[in-house]
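Enquirer: I would like to see how this sequence folds:
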Amino acid sequence: MTMIPLPARRRLIGLAVIGSLYGLGLPASAQTRDYPERVIKIVSVTSPGTGLDDYSRLLAKFLGQKLGQSVVIENRPGAGMIIGTDYVAKAAPDGYTLLYAGSGAMAANPFLYKQLPYNPRKDFVPVARMSALPAAIVVPGSSPLRTIADLTAAAKARPGSLNYGTSSSGYQTIMAAFGEAAKIRTVNVPYKTQGNLLTDVMAGVVDYAGVDASAVAPHIRSGKMRALAVVGPSRVSVLGDVPTIAESGMPELTMINWTGLFAPAGTPPAIVDRLTRLTLEFVNSPEAIAHYASRGSAPYPAAGPEVSKVIVEDQQIWKRLIAIAGIQPE
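Expert: So this is what the prediction gives:
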């Protein structure tokens, strides 16, 4: 999560990073020359069918073609992204088990859990940041609520009667901070996966929810769901004329959730370097850019060293938001 705009020059920066990496001239060890010799597994912290999962499968296909070896996705959702993240943290650092996660697992979780089983800054080496995923506050298509003002008015009229769904610790924080900023009292309903949450939003089981904007575009177009606001620095074209949270009167909640690829700490630098080059090449590929645009996302490339700095900065941002939300670590 980085509280800055997403200018188009990010693509150019990504290309420049790729070029600089190719120019490093690092000597290839025997291990790197032989890599990969078997199937590579990318662990995704979300369930199948989500925006994150879609991106990870596109990446797996691209890496498989470039590396000449199968790259598979293994979904390990749940427990605020801890299950999948911790699994990779404890995996062999040989380049054959990678993590596809983002700012929630790396920046928010340290302040949401007293005894997090992994350390984002010590247990991983960032391979690359890939995309920005704006969040959206949504309601069922049958809901009479059409704006953030409608939602806050309904919640204030019936304190404690409305509920909202979240499927990760990051979204729990975002939505709790929203509640504090709006001065409303509503009830959180936690879900293990975003897929299950979306199903219940469309069915009217929950009154509203915080979700990936990339995951709801088809449901918005079908009329089964309605977006009230984008929690990001700019509007999302695939959601139509949905205003940002700042335009809805809450600029302090503007943020960007991002995704990236990580390897266990201790993975040989030459392997990480190779994966970085290929991942950034994928992020800037026409197929990836088109897919991002169709889902309301955007390329957000950065190489490992920059991602390490971003995690440090984002941890302070999440710490502030968690304090605003009044959330106590579990």
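
Enquirer: from here on, contacts and neighbour counts on C-alpha atoms
Expert: Noted.

Enquirer: Poorly predicted segments of this structure, please.
Expert: Where the chain drops to pLDDT under 70, the residues are 1-32, 50-51.

Enquirer: Please enumerate the helices of the chain.
Expert: Assigned by DSSP state H, the chain shows helices spanning 9-22, 30-34, 51-67, 82-89, 103, 148-157, 169-182, 194-203, 213-222, 269-283, 286-294, 304-325.

Enquirer: Reformat these as TSV; add distance to Pro134 and mean neighbour count.
Expert: Output for the helices of the chain, formatted as TSV (distance: least, C-alpha to C-alpha, whole Å; neighbours: other C-alpha atoms under 10 Å):
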stretch	distance to Pro134	mean neighbour count
helix 9-22	16	16
helix 30-34	36	12
helix 51-67	11	19
helix 82-89	21	22
helix 103	12	23
helix 148-157	17	16
helix 169-182	11	22
helix 194-203	15	20
helix 213-222	6	20
helix 269-283	17	21
helix 286-294	11	16
helix 304-325	15	17
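
Enquirer: Tell me which of the ones you listed lies nearest to Phe124.
Expert: helix 82-89 (6.5 Å; C-alpha to C-alpha).

Enquirer: Now Val71. Nearest residue, chain neighbours left out?
Expert: Ile40 (4.7 Å; C-alpha to C-alpha, 6 or more residues apart in numbering).

Enquirer: show me the residues around the one you found that make contact.
Expert: Going by C-alpha atoms under 8 Å, 6 or more residues apart in numbering, Ile40 touches 69-72, 95-98.

Enquirer: with those in mind, which one is nearest to Pro159?
Expert: The nearest one, if we look at the contacts of Ile40 relative to Pro159 and count by C-alpha to C-alpha, is Leu98, at 44.3 Å.

Enquirer: before we move on, the earlier item: filter the contacts of Ile40 to the buried ones?
Expert: 69-72, 95-98 (16 or more other C-alpha atoms under 10 Å).

Enquirer: Now find how far off-centre the longest strand seen in the chain is within its chain.
Expert: Assignment by DSSP state E gives strand 124-133 as the longest strand of the chain. Distance of strand 124-133 from the chain centroid (C-alpha atoms, centre = their mean, to the nearest Å) equals 10 Å.

Enquirer: Could you tell me the angle between it and helix 286-294?
Expert: Going by axes from the mean of the first three to the mean of the last three C-alpha atoms, to 10 degrees, strand 124-133 is angled at 60 degrees with respect to helix 286-294.
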